[in-house]
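Asker: missing the sequence, but the structure's below:
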Ligand code: HEM
């Protein structure tokens, strides 16, 4: 075993705190990197009895096949080709005092629905929004049906590509639904946090306006301080190191990304830290998770956040109006944050 691998397994062996019986919080960066990459560490499965949303017993294998097939659609070059449409959407930002999260959802979802479906489909965004709020079976069924009808006739975007790969209608509908739900309020929370951090700093706005590399650094720093997915659960299908089969492991980008051993002045907003060319260890910075279930939309997300922020700042000044309330639940998003968008 090479020295790095040996160090990693030693760290993984005893690195977590048991927060309740069978549940460990793993904050050690090396252990987080190692365990998240382990194929035995699986995200909790959805309810197999849910006849609307369940992928069935072979779901994980089918999803991984869909992931592979979608890869070219989410590559850097595919994302770059979409930049003009991102700019067009960003230029339509609401004027005056806006609820930052609501406005961010509107912008991000206008881009991502078009990205995934290859065209605008009225209703989809509000259905997705409703489903993320309620989780009720009736609401899930309504979203599923609209997406299924669209998939049946679509000749563009992800549905057309997945048909070419021979996936059946139900699998494509579930895959498209997963992409639409995942690309709705998670990236919107990141954008709303961007609005929050820059609105209080006219100097940062000035620099981001003139320098797109700096704008990218702002986005990375926002994802460090405010990772929308702040907690990642994994369940062990077999024993790994000291952890028994069936153990639940919790990882937290939020905690690791504010560790003073990895980041100087970790609670300070300092985009410049991303301009030095040095990257933190992956176990110290993982807003998009790590390992086989790493976020497949990370390239799209980083580009769209940078492009929207830059396009908005080209013609607007953002001024804070009301501070955000503490976030609740599994999504770390700024609640009731109000920003004045001035042209
Ligand atoms: C700033 C924006 C985003 C952040 C911070 C983010 C973060 C994450 C994280 C942490 C996970 C892993 C969750 C877990 O395993 O528990 C994840 C999964 C996922 N993300 Fe993202 N994401 C973002 C944007 C997007 C976008 C734009 C898309 C689609 C276009 C997307 C699609 C997905 C999908 C489909 C998964 C599930 C992957 C799997 O389980 O194999 N995400 N994301």
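Answerer: Yep, it's here. Small disclaimer: the values here were computed from a predicted structure and weren't measured.
Asker: and the one residue in the stretch 1-150 of the chain that gets nearest to the ligand, how many residues sit next to it?
Answerer: With CB to the nearest ligand atom, the shortest gap between the stretch 1-150 of the chain and the ligand falls at residue 43, namely 4.5 Å. Any C-beta I mention is one placed from the backbone N, CA and C, and that applies to glycine too. With neighbours defined by other CB atoms under 10 Å, the count for residue 43 comes to 13.
Asker: What of residue 186?
Answerer: Applying other CB under 10 Å, we find 23 other residues in the vicinity of residue 186.
Asker: Pull out the buried positions in the helix or strand containing residue 64.
Answerer: For residue 64, the enclosing helix or strand under DSSP states H and E is helix 59-70. When burial is assessed from 16 or more other CB atoms under 10 Å, helix 59-70 yields the following buried residues: 62, 63, 66, 67, 69, 70.
Asker: Could you check how far residue 275 is from residue 218?
Answerer: Distance, residue 275 to residue 218, using CB to CB, to the nearest Å: 11 Å.
Asker: So the two - more neighbours on which side?
Answerer: Taking residue 275 and residue 218 together and counting by other CB under 10 Å, residue 218 has the greater number of neighbours (27 against 14).
Asker: The helix or strand harbouring that one - contacts with which helices or strands?
Answerer: Mapping residue 218 onto the secondary structure by DSSP H and E places it in helix 212-225. Counting by 3 or more CB pairs under 8 Å, 6 or more residues apart in numbering; DSSP states H and E, the packing neighbours recorded for helix 212-225 are helix 185-199, helix 202-210, helix 298-315.
Asker: which residues are in contact with it?
Answerer: By CB atoms under 8 Å, 6 or more residues apart in numbering, the surrounding residues in contact with helix 212-225 are 190, 193-194, 197-198, 204, 207-208, 257-258, 263, 267, 269-275, 285, 287, 302, 305-306, 309-310, 313.
Asker: Quick one, which of the residues you listed are buried?
Answerer: Among the contacts of helix 212-225, those that count as buried by neighbour count (16+ other CB under 10 Å) are 190, 193-194, 197-198, 204, 207-208, 257-258, 263, 269, 271, 273-274, 285, 287, 302, 305-306, 309-310, 313.
Asker: Need phi/psi at residue 20.
Answerer: Recorded main-chain torsions at residue 20 are phi -160, psi 170, according to degrees, to the nearest 10.
Asker: same deal with residue 118?
Answerer: Residue 118 has phi and psi values of phi 80, psi 0 when expressed as degrees, to the nearest 10.
Asker: Quick one: neighbours of it, just the number.
Answerer: 17.
Asker: hang on, isn't it packed against residue 156?
Answerer: Yes: shown here, residue 118 and residue 156 form a contact pair, counting by CB atoms under 8 Å, at 2.9 Å.
Asker: re earlier: overlap between the contacts of helix 212-225 and the residues near the ligand?
Answerer: The overlap between the contacts of helix 212-225 and the neighbourhood of the ligand (criterion: CB under 6 Å from any ligand atom) consists of 190, 287.
Asker: Tell me the residues on the stretch 101-250 of the chain that lie near the ligand, please.
Answerer: Looking at the ligand, the residues of the stretch 101-250 of the chain close enough under CB under 6 Å from any ligand atom are 112, 178, 179, 182, 183, 186, 187, 190, 228, 229, 232.
Asker: Of all the residues in the host helix or strand of residue 25, which ones are buried?
Answerer: Residue 25 is part of strand 23-26 when elements are defined by DSSP H and E. Applying a neighbour-count criterion of 16+ other CB under 10 Å, the buried positions in strand 23-26 are 24, 25, 26.
Asker: Residue 321 sits in which helix or strand?
Answerer: According to DSSP H and E, residue 321 maps onto strand 317-322.
Asker: Single out the residue in the stretch 151-300 of the chain that lies closest to the ligand.
Answerer: When CB to the nearest ligand atom is the measure, the stretch 151-300 of the chain has its nearest residue to the ligand at residue 297, with 2.2 Å between them.
Asker: which residue packs closest to residue 101, ignoring adjacent ones?
Answerer: Closest residue in space to residue 101, ignoring its immediate chain neighbours: residue 192 at 4.5 Å, by CB to CB, 6 or more residues apart in numbering.
Asker: now the strands: where do they sit in the stretch 101-250 of the chain?
Answerer: Using DSSP state E, counting those that start in this stretch, the strands found in the stretch 101-250 of the chain span residues 232-236, 248-251.
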